[in-house]
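J.: A structural model of the following input is requested.
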Amino acid sequence: MILPSIRNKNEWLHRLALIALATAAGCSADKSDDTTHTHNTHDEDSGNDASDTGLIWPAEEWREGEPEAYGMDSDALEELADYAFRPRFNTQSVVVIKDGVLIAEWYAEDTDQDTEVTSWSAAKSITSALIGVGIRDAMLNLDDTVGSYVSHWSNGDNAEVTIRHLLEMRSGMDPNDSNQYGVYGATNQLAYSLDRTVTTEPGQTFQYVNEDSMVLGEVLSQAYGATADEVAKTEIFDIIGMDGNWWTDASGNVLTYCCYDTTARSFARFGLLYSRGGEWDGQQVVPAAYVDESTTGISYYGYYGLHWWTYGEVYAAIGYHGQYIFVNPANDLVVARFGRYTRHGSEYARQGDNYHETYGEGNFDSTEFQSLFLAAVIEP
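T.: Model (predicted):
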């Protein structure tokens with residue numbers, strides 16, 4: 001099967017914002033230093049015992065192992081790394097998890113396993129998982145109207161827009177173009193996202209709109225009486241051992257369309273959660289049926305689910321400038337690739353001098369990357 005290239009699906013609103021902010025800071029939008037060091041881990045016991053089902057789960061640290069011990073070819077994985085760190089791809093980190101074990105990782109020369117990366121829109125898949133948690137807790141349903149939770153849309157033209165419509169990117173609403181830098185440049189990004197009206201019938205036409213994901217954060221906040229990052233921490237992150245920072249806007253609204261910062265190793269935990277059908281060491285964190293529905297192609301010619309990009313046996317959380325969390329459940333395989341990232345400012349809040357800077361991935365082809373890591377699986 002020939003998979004379509006993902007690299008042309010970057011959010012143009014982010015591009016506008018970053019170009020303007022990077023220019024203001026006098027920063028280059030490209031880096032050519034691709035020197036890497038390689039860390040192929042060796043089989044060692046880091047205290048992560050297998051569960052009663054025989055599955056291996058990471059504790060505070062990942063268990064590390066040789067690729068061949070878990071059905072992966074070391075030479076083929078080196079080819080994967082050689083491709084990822086080609087000049088001008090601006091790769092910062094690649095992490096490979098097989099059967100719950102860290103079997104390989106590579107980092108750019110001046111970074112390591114503790115260096116932060118950023119999600120950009122890969123965080124949309126985390127927002128999707130939180131909707132699944134809300135369904136688990138009977139706090140909401142996919143076909144509830146957004147107006148049932150957000151009074152701004154409780155009547156009028158937007159009254160029929162549902163949570164499902166937002167997740168499928170079929171809200172029938174265009175982006176808000178009143179700010180030249182889009183939602184990322186707005187002081188109150190929630191108000192900016194709500195200030196839109198349907199132009200086509202909801203549920204019919206795919207249009208990738210960051211504002212739709214931002215509104216989902218408010219749905220979660222109203223359903224739980226807590227901010228989206230607070231819900232994420234208690235209901236997902238603390239359980240799977242994921243530790244990071246979710247950016248807010250200047251008004252304190254969590255940017256649920258983007259912008260979660262943590263390490264590549266930490267992001268791989270989220271991938272493992274989905275590789276295992278939403279379960280974590282015996283606890284069903286996200287309903288299995290919701291995981292299946294989320295990662296099944298629904299819109300955009302069958303390549304988009306519920307805030308996940310879907311490609312047959314592989315699905316992915318994807319962000320601007322080539323941030324990827326690839327999941328291949330059939331092989332219990334997670335591959336995370338993140339690009340060069342510089343966080344400007346002292347706060348995780350999009351205001352003043354606090355902003356993200358990432359670098360273009362050049363001709364990085366996600367289809368080829370997928371082919372390489374799938375080719376590394378040793379057939380039984």
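J.: roughly how far is stretch 164-176 from the heart of the chain?
T.: How far stretch 164-176 lies from its chain's middle: 18 Å, per Cα atoms, centre = their mean, to the nearest Å.
J.: Quote the end-to-end distance of that stretch.
T.: For stretch 164-176, the first and last residues are 20 Å from each other (Cα to Cα, to the nearest Å).
J.: what comes up buried for that stretch?
T.: R164, H165, L166, L167, E168, M169, R170, S171, G172, M173, P175, N176 (16 or more other Cβ atoms under 10 Å). Every residue, glycine included, has its C-beta placed from N, CA and C.
J.: quick one: contacts for the fifth one?
T.: Neighbouring residues of E168 by Cβ atoms under 8 Å, 6 or more residues apart in numbering: G203, F206, I298, S299, Y304, G305, L306.
J.: Need these in CSV (columns: neighbour count and secondary structure).
T.: Shown next, in CSV, are the contacts of E168 (neighbours: other Cβ atoms under 10 Å; DSSP: H, G, I helix; E, B strand; the rest coil):
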residue, neighbour count, secondary structure
G203, 15, coil
F206, 15, coil
I298, 20, coil
S299, 21, strand
Y304, 22, strand
G305, 23, coil
L306, 27, coil
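J.: Show me which pair in those residues is furthest apart.
T.: Spanning the widest gap among the contacts of E168 are G203 and G305, at 14.7 Å by Cβ to Cβ.
J.: Could you give the average pLDDT over stretch 133-148?
T.: Averaged over stretch 133-148, pLDDT sits at 98.
J.: Centre of the chain to it, how far?
T.: Mean-position distance between stretch 133-148 and its chain equals 21 Å (Cα atoms, centre = their mean).
J.: Closest to D243 out of the contacts of E168?
T.: L306 (25.3 Å).
J.: And the helices in the chain?
T.: 12-24, 74-84, 123-136, 163-167, 189-194, 210-224, 228-232, 238-240, 264-275, 288-294, 366-375 (DSSP state H).
J.: Now tabulate the contacts of E168 in CSV and tack on distance to A223 and pLDDT.
T.: Shown next, in CSV, are those (distance: Cβ to Cβ, whole Å; pLDDT from 0 to 100):
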residue, distance to A223, pLDDT
G203, 21, 97
F206, 25, 97
I298, 23, 93
S299, 24, 92
Y304, 24, 98
G305, 21, 98
L306, 16, 98
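J.: Now tabulate those in CSV and tack on distance to A250.
T.: Converted to CSV, these look like this (distance: Cβ to Cβ, whole Å):
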residue, distance to A250
G203, 33
F206, 31
I298, 34
S299, 32
Y304, 30
G305, 32
L306, 29
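J.: one step back: what is the nearest of the buried residues of stretch 164-176 to G182?
T.: Checking those against G182 by Cβ to Cβ gives P175 as the nearest, at 6.6 Å.
J.: Next one: the closest one relative to Y192, how far apart?
T.: When distance is defined by Cβ to Cβ, to the nearest Å, P175 is 10 Å away from Y192.
J.: shared neighbours, those two?
T.: V183, E211.
J.: Using JSON lines, lay out the buried residues of stretch 164-176 together with distance to V95 and pLDDT.
T.: Formatted as JSON lines, the buried residues of stretch 164-176 follow (distance: Cβ to Cβ, whole Å; pLDDT from 0 to 100):
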{"residue": "R164", "distance to V95": "32", "pLDDT": "98"}
{"residue": "H165", "distance to V95": "34", "pLDDT": "98"}
{"residue": "L166", "distance to V95": "30", "pLDDT": "98"}
{"residue": "L167", "distance to V95": "27", "pLDDT": "98"}
{"residue": "E168", "distance to V95": "29", "pLDDT": "98"}
{"residue": "M169", "distance to V95": "28", "pLDDT": "98"}
{"residue": "R170", "distance to V95": "33", "pLDDT": "98"}
{"residue": "S171", "distance to V95": "34", "pLDDT": "98"}
{"residue": "G172", "distance to V95": "38", "pLDDT": "98"}
{"residue": "M173", "distance to V95": "36", "pLDDT": "98"}
{"residue": "P175", "distance to V95": "33", "pLDDT": "98"}
{"residue": "N176", "distance to V95": "35", "pLDDT": "98"}
